[in-house]
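Engineer: model this:
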Amino acid sequence: MPKKNTGKISSKKRAPAAKHRAKAVEQNAAEELLEKIEAEEPEVKAVEAAKAEEVTKAVEVVKVEEPAQAEPTKAKAARTAKTTKATKTAKTAKAAKKAPAKAEPVEEPKVEPQAEAVEDAAPETVCTTPRRSVAFIGSECYPFVKTGGLGDVMYALPKELVKQNCDVKVILPRYKCIPWEYQEKMVYRGAFEMDLCADGRSFYVGIMEYVWDGVVYDFIDNEEFFSNGNPYTNLVDDIPKYCYFAKAALAALNYMDWIPDIIHCHDWQAALVPVYLRTQFANTKLTTAKTILTIHNLRFQGVYDIPTVRYWSGLPDYVFNKDALKVGYRDANMLKGGLTYSNVITTVSQTYAGEIQSAYYGEALDAHLRYHSGKLRGIVNGIDYDIWNPATDGRLYANYDIASVLEQKKENKRQLQEELGLVQDGHKFVIGLISRLTDQKGLDLVNAILPQVMDEHTQVVVLGTGDRVYEDSFRYYEYAYGGNVCSNIMYDETRAHRIYAGADALLVPSQFEPCGLTQLIAMHYGTVPIVRETGGLKDTVEPYNMYARTGNGFTFDRYDAGLLLDAINRAKTIYFNDRACWDEMVRRDMEKNLSWENSAKQYKDLYLELTW
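Structural biologist: Next up, the predicted model:
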């Protein structure tokens with residue numbers, strides 16, 4: 001073997017034979033040592049190979065080339081082919097012999113930490129917009145107290161804004177009706193006396209704090225105003241209560257020295273906040289904040305006689321003029337004052353923002369809203385997927401997603417029929433109605449056409465309370481169409497979830513609807529909505545087109561009972577005669593993104609626009 005090597009060397013170079021023989025001996029010794037290591041320590045080899053591969057990947061991630069880190073790969077290739085130069089092989093063998101478990105000391109430096117840093121930084125790209133602080137002020141919020149859609153918005157929107165890089169504080173009255181499970185966890189933040197009335201009368205203001213899902217909830221505590229069991233009683237009591245609440249909310253922010261970029265107020269109960277901010281708080285640090293007033297329902301405005309509102313609010317006389325609070329000859333309108341003094345007005349849908357500028361929908365404020373139309377915006381609400389999700393909803397008989405909706409809705413329908421005492425027949429077309437039983441919700445239309453809707457193929461399930469005339473009407477229909485109509489004159493959260501999952505269609509024939517959440521929930525649960533084209537219903541439900549096979553519901557435009565009956569009949573025709581097309585619509589509804597994410601992004605853009 002030495003002769004063979006010597007012959008090779010002497011054929012290529014003319015160096016002395018002794019020198020080449022020495023190199024050959026050194027190379028052979030190194031190769032024999034490597035073979036011994038490979039035979040005795042396969043685990044070390046495997047570890048080294050794995051480390052070499054890991055380093056190579058890390059280098060690719062960081063896009064840095066370092067010769068020292070490429071060396072393990074070369075060493076591995078040398079062991080396989082045994083063609084590495086003698087000096088490099090001997091060096092590697094010497095290191096392996098000296099410390100086999102640490103055969104690759106060059107692997108530990110900077111590459112892996114850099115790769116981890118890149119991986120850790122990735123989640124931070126969720127929201128890159130500048131941070132803003134926002135104070136929400138409103139009269140109700142789920143799960144503490146809720147009477148309608150405002151409570152859902154006050155809960156879900158702040159939670160989603162936290163994900164949009166906002167620092168959010170929600171200010172609410174501490175009603176006595178708030179469940180003890182929340183009250184016992186509240187933390188005392190402080191208290192002070194606040195001047196309120198025109199004669200200088202002052203009241204106690206306590207601050208109790210509760211933190212949940214990244215949102216800080218501060219409750220204004222005063223037994224004199226909030227000891228009643230319900231948040232809303234009558235205007236005689238409510239006017240003083242919400243004059244106090246609006247001023248106390250600002251005073252609490254001042255007391256805590258928490259100065260937000262945006263103060264976001266909701267409905268007439270918080271409408272005096274922008275008025276107070278521009279008058280009695282004009283010389284405080286809060287004056288830098290911008291105000292937004294959101295109209296959830298224009299019908300409720302907080303109207304009472306001027307002397308009463310002037311006394312309880314303590315506001316200066318000049319705000320009680322026709323351009324601000326005054327309406328008619330002797331009344332003050334708290335919502336109107338907020339619209340005047342706020343920086344931006346928003347409603348809960350784009351269509352409703354246009355409708356309320358007309359006499360039909362404007363509730364006597366249409367001229368005032370047209371005057372302020374330059375600061376009027378519409379942003380559609382969303383639904384909270386943590387609560388309304390058929391795949392995880394624990395209240396349902398059977399959970400489902402878009403892949404299993406067709407089969408599992410049948411099971412939910414069957415068990416809903418069984419629970420409500422209806423005829424158990426999967427062939428039936430089940431129409432759900434979850435609503436307050438009032439004229440606004442179109443119950444007069446439903447009352448007029450229900451006998452024509454009912455046949456041997458149709459069932460109707462009603463859930464809600466309201467006007468006595470409608471409660472009695474639906475009780476009669478349950479008696480007249482026993483086994484096919486179930487009237488639940490109450491509100492039960494679990495039953496609502498099961499109706500959304502078990503019904504085939506949901507009826508929302510509202511006379512006006514600022515946004516509406518029921519049609520959004522229905523679509524997310526694979527239940528096709530039948531709605532009137534107004535407000536948020538028009539913005540969220542695309543009418544079905546039988547020629548293009550598009551749309552996600554059935555609609556009618558004018559407020560007319562005959563048109564409602566026609567929409568129901570069109571839905572029944574597709575359901576019974578073209579089930580494949582109906583099933584496509586169900587899947588389209590479930591695919592639609594109805595979460596608060598899009599709405600929260602629009603509100604965040606609005607906050608940035610106001611404070612840029």
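
Engineer: what's across from the closest residue to Asp566 other than its chain neighbours in the sheet?
Structural biologist: Among residues not flanking Asp566 along the chain, Phe556 sits closest, at 6.6 Å (CB to CB, 6 or more residues apart in numbering). (C-beta placed from N, C-alpha, C; glycine too.) In this entry, Phe556 is beta-bridged to Arg532, by DSSP bridges.

Engineer: how about Lys326: what's its closest non-neighbour residue?
Structural biologist: Lys326 sits nearest to Phe320 (CB to CB, 6+ apart), 5.3 Å away.

Engineer: just to check, that neighbour is in contact with Asp305?
Structural biologist: No. Applying CB atoms under 8 Å as the test, Phe320 and Asp305 come out as separate, 10.7 Å apart.

Engineer: can you pull the residues that touch both of these two?
Structural biologist: Contact criterion CB atoms under 8 Å, 6 or more residues apart in numbering; residues shared by Phe320 and Asp305: Ala332.

Engineer: between those two, tell me which one has more neighbours.
Structural biologist: Counted by other CB atoms under 10 Å, Phe320 and Asp305 do not tie: Phe320 has more neighbours, with 18 against 12.

Engineer: next up, identify which helix or strand Tyr304 is on.
Structural biologist: Taking DSSP states H and E as the criterion, Tyr304 maps to strand 303-305.

Engineer: confirm that Glu224 sits in a helix.
Structural biologist: Yes. The assignment for Glu224, made by DSSP: H, G, I helix; E, B strand; the rest coil, places it in a helix.

Engineer: what number of residues are in the vicinity of it?
Structural biologist: 10.

Engineer: what's the nearest residue to it if we skip its chain neighbours?
Structural biologist: Glu224 sits nearest to Phe203 (CB to CB, 6+ apart), 6.8 Å away.

Engineer: on the three-state scheme, that neighbour is what?
Structural biologist: Applying three-state DSSP: Phe203 is strand.

Engineer: residue contacts, it?
Structural biologist: 193-194, 196, 222, 224-225, 244, 248 are the contacts of Phe203 under CB under 8 Å, 6+ apart.

Engineer: now do it against Phe192, distance only.
Structural biologist: 10 Å (CB to CB, to the nearest Å).

Engineer: domains in the chain, by residue range?
Structural biologist: 2-123, 132-301+335-378, 405-595 (automatic domain parsing).

Engineer: out of those, which is closest to Val327?
Structural biologist: Across these, Val327 has its closest neighbour in domain 132-301+335-378 (6.3 Å, CB to CB).

Engineer: now for the host helix or strand of His264, which elements pack on it?
Structural biologist: Secondary-structure element containing His264, defined by DSSP H and E: strand 262-266. Secondary-structure packing of strand 262-266 (3 or more CB pairs under 8 Å, 6 or more residues apart in numbering; DSSP states H and E): strand 132-137, helix 149-163, helix 272-278, strand 290-295, helix 597-611.

Engineer: output the fourth one as CSV, nothing but the C-alphas.
Structural biologist: Presented in CSV, the C-alpha positions along strand 290-295 are these (Å, rounded to 0.1, in the frame of the first residue of the first chain):
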residue,chain,number,x,y,z
LYS,A,290,-61.6,62.9,20.6
THR,A,291,-65.1,61.7,21.0
ILE,A,292,-67.2,59.2,19.0
LEU,A,293,-70.9,58.7,19.5
THR,A,294,-72.4,55.5,18.1
ILE,A,295,-76.2,55.3,17.5
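
Engineer: that strand vs strand 262-266, what angle?
Structural biologist: 20 degrees (axes from the mean of the first three to the mean of the last three CA atoms, to 10 degrees).

Engineer: now for strand 290-295, which elements pack on it?
Structural biologist: strand 262-266, helix 272-278, helix 334-341, strand 344-347, helix 597-611.

Engineer: could I get those as CSV with distance to Ser358?
Structural biologist: Formatted as CSV, the helices and strands packed on strand 290-295 follow (distance: least, CB to CB, whole Å):
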stretch, distance to Ser358
strand 262-266, 23
helix 272-278, 24
helix 334-341, 16
strand 344-347, 13
helix 597-611, 24
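
Engineer: nearest to Gln301, out of these?
Structural biologist: helix 334-341 (4.0 Å).
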